[in-house]
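Undergrad: generate a structure from the sequence data that follows.
(3 chains)
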Amino acid sequence: MPELPEVETVRRGLKALVVGKKIVDVQVLWPKIVTNDSEEFKQQLAGRTIEAIDRRGKYLLFRLSGHLTMVSHLRMEGRYFLNQSDEPVTKHTHVIIAFTDRTQLRYADVRKFGRMTLLKTGQENQLSGIHALGPEPLSPDFQVADFYQRLQKHKKNIKAVLLDQHTVAGLGNIYCDEVLWLSKIHPLLPANRVTFTQAQSLHAAIQAELKKAVAAGGTTIRSYVDANGDSGHFQFNLHVYGREGQPCERCGALIQKIKVGGRGTHFCPQEQVLPADSTMAVIQ
DNA sequence: CGCTAGACCTGGCAGC
DNA sequence: TGCTGCCAGGTCTAGC
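TA: Sure, this is the predicted structure:
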């Protein structure tokens, strides 16, 4: 479900709702969600206080007293809710973290793709998903020259390279399509054919778009809601994602949808074109 | 090493 | 009303 702006919005909401709360009890209803041993996970969490909530890419990092960190990835449909302990537990709730004030942080996930891992603070950088993560796009670590160099290393298409979290952290299927449209780059262009000027354009579009999406509370297409149960608003600012068959806002050509690396990919066929000498395979 | 297809899961929706 | 097949804000891994 969520890309960087949605995860950041969840983080901000959760921060206001649960930082400072002390955990009394934990229930794990679907053990695969937790990569640790369930019993150990429950025992280690009990008695801890949530001191802060950070984010790295699409990962949430719950900072707990005693130098522990609970890493949480929402994958496609993970959601957090704060409930009173006497409220009925809904069908897709898989983890319940109960606090001393009789409220509960509940993790729900229809598709059960999300994962949580408890480890010592500092060790999160050794998690396979985090250790080689690319730069945070909204931090000074994200530099055009380095971004351009990373793109030059790959022959595969630019869309797949942007989706690869090693290139830059936090982009997903929606924002990839959007920034490629903003920069007028065809999603199938080999990444090493992106010019420095195009890389500059992409770099600027990534920062501007993610900033705007965070300010709008993220994008809600189907299921995403923040920690308060509110939808985001950025879906009203999308230019290509989900707009197959509708006119491009700039040129009026009809937005096309193709498959790239198994992901639905939207683009303007008139403005996002492959260079004539490109050796690209046929686009259906 | 690079790339693709499949796995992990469930539900909504289009089409018949 | 059903049934079938396809699709979905993500990532990991097996296999070529």
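Undergrad: okay, strands next: where are they in the stretch 151-284 of chain A?
TA: A:256-260, A:263-267 (DSSP state E, counting those that start in this stretch).
Undergrad: of all these, which one is nearest DNA strand B?
TA: strand A:256-260 (8.4 Å; CB to the nearest atom of the strand). Every C-beta, even on glycine, is put in place using the N, C-alpha and C of the backbone.
Undergrad: what strands line up against the closest one, and which way round?
TA: Strand A:256-260 has the following strand partners under DSSP bridges: strand A:263-267 (antiparallel).
Undergrad: how about the partner strand and DNA strand C, touching?
TA: Yes. Using CB under 7 Å from any atom of the strand, strand A:263-267 comes into contact with DNA strand C via A:R263, A:G264.
Undergrad: just how off-centre is that strand within its chain?
TA: 17 Å (CA atoms, centre = their mean, to the nearest Å).
Undergrad: that strand near DNA strand B anywhere?
TA: No. Strand A:263-267 lies apart from DNA strand B when judged by CB under 7 Å from any atom of the strand; the minimum separation is 10.1 Å.
Undergrad: most packed of the strands of the stretch 151-284 of chain A?
TA: strand A:263-267 (a mean of 21; mean count of other CB atoms under 10 Å).
Undergrad: can you list contacts of it?
TA: Here strand A:263-267 makes contact (CB atoms under 8 Å, 6 or more residues apart in numbering) with A:159, A:163, A:173, A:177, A:180-181, A:186-187, A:240-244, A:255-259.
Undergrad: rerun at 6 Å
TA: With contacts defined as CB atoms under 6 Å, 6 or more residues apart in numbering, strand A:263-267 is touched by A:K159, A:N173, A:D177, A:P187, A:V240, A:Y241, A:I255, A:K257, A:I258.
Undergrad: show me what the mean pLDDT comes to for that strand.
TA: Averaged over strand A:263-267, pLDDT sits at 95.
Undergrad: hey, where'd the strands end up in the stretch 1-150 of chain A?
TA: Going by DSSP E, counting those that start in this stretch, the stretch 1-150 of chain A shows strands at A:23-28, A:50-56, A:59-64, A:68-73, A:78-84, A:93-99, A:103-109, A:115-120.
Undergrad: turn the ones you listed into CSV, including distance to DNA strand C and mean neighbour count.
TA: Below are the strands of the stretch 1-150 of chain A laid out as CSV (distance: least, CB to the nearest atom of the strand, whole Å; neighbours: other CB atoms under 10 Å):
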stretch, distance to DNA strand C, mean neighbour count
strand A:23-28, 19, 18
strand A:50-56, 10, 18
strand A:59-64, 7, 21
strand A:68-73, 6, 21
strand A:78-84, 9, 20
strand A:93-99, 15, 21
strand A:103-109, 11, 21
strand A:115-120, 8, 18
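Undergrad: could the strands of the stretch 151-284 of chain A be laid out in a markdown table, adding distance to A:A98?
TA: Compiled in a markdown table, the strands of the stretch 151-284 of chain A are given as follows (distance: least, CB to CB, whole Å):
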| stretch | distance to A:A98 |
| --- | --- |
| strand A:256-260 | 44 |
| strand A:263-267 | 38 |
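Undergrad: quick one: low-confidence parts of the stretch 101-250 of chain A?
TA: Within the stretch 101-250 of chain A, the stretches with pLDDT under 70 are A:223-225.
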